[in-house]
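Q: Just to be clear, the model below is a prediction. Sequence and coordinates:
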Amino acid sequence: MLLWVWIAVVVVALVILIAAAVPLLGRLGALRRAAGKLQARQGQAVALQAKVEALQQRVEAVSAQVDRH
């Protein structure tokens, strides 16, 4: 009799675990898409940072030329 109680407890726990996991698994696709968008934004930010650094160097060069004249 005690064995059946333990089996019932395990089955109920598994049902609860599955019921909690199903909505989370449904969100994985959205999280994967969001992660992809964030990686794309990171790439854009890195490219923009490189452009800003190049522009800053040009500004410093022009400023140095202006100071000479």
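A: Cool, got the structure. Numbering: from 1, shown residues only.
Q: tell me the centre residue of the chain?
A: Geometric centre of the chain, nearest residue: residue 35, 3.9 Å, by C-alpha atoms, centre = their mean.
Q: Where does that residue fall, secondary structure wise?
A: Assigned by DSSP states H and E, residue 35 falls within helix 2-68.
Q: Where does pLDDT dip in this protein?
A: The model of the chain has no residue with pLDDT under 70.
Q: helices and strands around the helix holding residue 35, which ones?
A: Secondary-structure packing of helix 2-68 (3 or more C-beta pairs under 8 Å, 6 or more residues apart in numbering; DSSP states H and E): no helix or strand packs against it. In this view, the C-beta of every residue, glycine as well, is placed from N, C-alpha and C.
Q: Would you mind measuring from the residue nearest to the centre of the chain to residue 47?
A: 19 Å (C-beta to C-beta, to the nearest Å).
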